[in-house]
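Enquirer: no FASTA, just this:
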Ligand code: AMP
């Protein structure tokens with residue numbers, strides 16, 4: 001027997017309704033803001049992610065699924081959706097149709113992480129990218145869309161954390177301050193932090209081990225230049241005006257290199273160690289870095305598996321998919337021909353019908369219908385058919401009635417809609 005690869009999941013059965021629900025809510029919500037879908041390949045040239053996500057990030061250092069294809073090209077299964085979306089934006093000259101451009105995606109992502117609850121090696125994200133606006137109005141829109149998605153899903157127990165990590169100028173001063181702060185602590189921090197001190201000192205704030213040091217570290221908000229400060233203040237003012245709730249977290253820096261300015265993360269109270277359901281921020285330099293022209297932009301992504309855990313933990317009722325509404329059973333040569341016609345008539349009316357295709361006796365057919373949780377059974381028998389009659393059986397109550405062949409569809413429809 002073959003087993004699935006560690007860190008991946010088979011998604012089926014009762015869980016599927018959560019996926020439909022989230023996909024529908026996401027698509028309907030982003031439609032309200034004018035975002036259109038983009039579907040990019042699930043693998044890209046490795047260099048794309050190194051250039052965008054950053055050489056020194058955990059993703060590039062440890063987590064990418066990279067392989068050589070038969071043409072000796074280095075290929076990577078996408079670990080995130082922004083870089084591919086921006087690659088596609090540039091490659092397809094989407095600037096030509098005017099800016100800003102609003103795009104969203106939904107699909108699988110791949111990261112070689114240690115699997116645990118809420119953390120897989122193949123997981124799914126949806127994300128939005130608002131490409132081309134330098135205004136705080138765009139930052140506010142990103143956060144507003146994220147908030148509305150969560151609200152429309154019915155979630156309550158989440159917190160939006162925001163911060164500004166400034167521009168290169170403010171970050172240079174801040175990095176010096178961080179270096180100074182950590183200079184006399186280097187002997188005591190973990191090996192990752194020792195490395196990050198030299199390669200990318202901001203990453204020290206992401207450390208989950210040396211949290212005590214992180215707590216007292218200098219805060220980037222004290223180092224913002226006037227422009228960045230103003231941009232951040234204006235973004236908050238727009239959110240306040242709409243009464244969007246957020247908390248400021250001056251230690252939030254995000255784990256990818258392409259961010260600058262306003263960044264944000266969404267955490268859910270019931271998720272335990274993996275509490276982040278989403279995150280994003282501004283990435284003004286990414287498009288130029290990837291070969292396009294200077295185009296200020298921002299975006300965010302949310303993890304669908306974690307949203308599902310959050311929905312279940314908050315006990316949010318999600319409607320069952322209307323499947324297996326009616327079972328059509330039959331007995332006899334002539335009956336099964338007519339039964340198949342009835343099944344198709346019902347389907348013409350948008351009803352989900354399971355037709356008995358196993359040559360079984362009536363009680364076995366009814367048992368199968370009960371197992372599939374069909375609401376109603378249409379029973380077509382040879383004797384009844386001679387009288388132009390069919391039996392309708394309510395599977396919940398066991399009640400049965402005889403009905404004229406021509407009225408089967410109408411009556412069955414009424415029953416299941418009750
Ligand atoms: P990131 O781009 O790393 O901030 O990821 C955005 C969101 O994707 C996170 O907040 C999670 O909800 C989700 N996510 C990231 N990595 C994983 C993973 N390995 N397994 C499941 N969900 C993930």
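Expert: Done, it's in. Predicted model only: the values in this text are computed from it and were never measured.
Enquirer: bridging residues for the closest residue to the ligand within the chain?
Expert: Using Cβ to the nearest ligand atom, the closest approach of the chain to the ligand is made by residue 303 at 2.4 Å. Glycine gets a C-beta too; all of them are placed from N, C-alpha and C. Taking DSSP bridges, one obtains residue 125 as the residues bridged to residue 303.
Enquirer: which ones are touching it?
Expert: The neighbours of residue 303, taking Cβ atoms under 8 Å, 6 or more residues apart in numbering as the test, are 118, 123-125, 276-278.
Enquirer: Give me the subset of those that also touch the ligand.
Expert: Counting by Cβ under 6 Å from any ligand atom, 118, 123, 125, 276-278 from the contacts of residue 303 sit close to the ligand.
Enquirer: Highest neighbour count among those?
Expert: Greatest neighbour count in those, by other Cβ atoms under 10 Å, goes to residue 277: 25 neighbours.
Enquirer: That one sits in which helix or strand?
Expert: Remark: residue 277 resides in strand 276-282, with elements defined by DSSP states H and E.
Enquirer: what's downstream of that strand, the next helix or strand?
Expert: helix 286-289.
Enquirer: Can you give me the buried ones in that next one?
Expert: Residues of helix 286-289 classed as buried by neighbour count (16 or more other Cβ atoms under 10 Å): 286-287.
Enquirer: what does stretch 50-60 give?
Expert: Using 16+ other Cβ under 10 Å as the test for burial, stretch 50-60 gives 50-54, 57-60.
Enquirer: does any part of it sit near the ligand?
Expert: No. On the criterion Cβ under 6 Å from any ligand atom, stretch 50-60 is out of touch with the ligand, staying 7.6 Å away.
Enquirer: Next, the distance between the ends of that stretch.
Expert: One end of stretch 50-60 to the other measures 6 Å (Cα to Cα, to the nearest Å).
Enquirer: List the strands paired with the strand holding residue 277, with their directions.
Expert: Per DSSP bridges, strand 276-282 is paired in its sheet with strand 260-268 (antiparallel), strand 297-303 (antiparallel).
Enquirer: What's the first helix or strand after the last one?
Expert: Counting by DSSP H and E, the element after strand 297-303 in chain order, helix or strand, is helix 304-313.
Enquirer: Roughly how far does residue 387 sit from residue 164?
Expert: Distance of residue 387 to residue 164, given as Cβ to Cβ, to the nearest Å: 78 Å.
Enquirer: Please compare these two by neighbour count and tell me which comes out ahead.
Expert: Per other Cβ under 10 Å, whichever of residue 387 and residue 164 has more neighbours is residue 164, with 27 against 11.
Enquirer: before we move on, which element is the residue nearest to the more buried one when sequence neighbours are not counted in?
Expert: Distances taken as Cβ to Cβ, 6 or more residues apart in numbering place residue 232 nearest to residue 164, at 3.9 Å, with adjacent residues excluded. Following DSSP H and E, one finds residue 232 within helix 226-241.
Enquirer: Buried residues of that helix, list them for me.
Expert: Across helix 226-241, burial judged by 16+ other Cβ under 10 Å covers 228, 231-232, 234-236, 238-239.
Enquirer: got it, and stretch 73-89?
Expert: 76-89.
Enquirer: what is the mean pLDDT for that stretch?
Expert: The average pLDDT for stretch 73-89 rounds to 98.
Enquirer: thinking again about what came up before, just the closest of the buried residues of stretch 50-60 to residue 372, please.
Expert: Proximity of those to residue 372 (Cβ to Cβ) peaks at residue 59, which lies at 43.5 Å.
Enquirer: so what's the closest one up against?
Expert: With Cβ under 8 Å, 6+ apart, residue 59 has these contacts: 49, 53, 79-80, 111, 255-256.
Enquirer: Are we agreed that it is in a helix?
Expert: Yes. With DSSP: H, G, I helix; E, B strand; the rest coil as the criterion, residue 59 is part of a helix.
Enquirer: hang on, the earlier thing: give me the contact list for the helix holding residue 232.
Expert: 136-137, 139-140, 143-144, 162, 164, 166-167, 170, 221, 224, 246, 248, 261-262.
Enquirer: With stretch 144-151 instead?
Expert: Contacts of stretch 144-151 (Cβ under 8 Å, 6+ apart): 25-26, 29-30, 32-33, 35, 128, 158, 160, 239, 242, 244, 264, 266, 277-278, 280, 300, 302.
Enquirer: Now the buried members of those.
Expert: Neighbour-count burial (16+ other Cβ under 10 Å) is assigned, among these, to 25-26, 29-30, 35, 128, 158, 160, 239, 244, 264, 266, 277-278, 280, 300, 302.
Enquirer: Which positions in the stretch 251-400 of the chain make contact with the ligand?
Expert: 276-279, 301-303, 305-306.
Enquirer: farthest pair in those?
Expert: The span of those, defined through Cβ to Cβ, is set by 279 and 305 at 15.0 Å.
Enquirer: Sticking with residue 416, tell me its helix or strand.
Expert: Using DSSP H and E, residue 416 sits within helix 408-417.
Enquirer: Does anything pack onto that helix? Which helices or strands?
Expert: helix 333-348, strand 376-381, strand 389-394 (3 or more Cβ pairs under 8 Å, 6 or more residues apart in numbering; DSSP states H and E).
Enquirer: Need those in CSV (columns: mean pLDDT).
Expert: Shown next, in CSV, are the helices and strands packed on helix 408-417 (pLDDT from 0 to 100):
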stretch, mean pLDDT
helix 333-348, 96
strand 376-381, 97
strand 389-394, 97
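Enquirer: picking up where we left off before, okay, and which of the contacts of helix 226-241 map to helices?
Expert: 136-137, 139-140, 143-144, 170 (DSSP state H).
Enquirer: Name only those of those that count as buried.
Expert: 136, 139-140, 143-144, 170.
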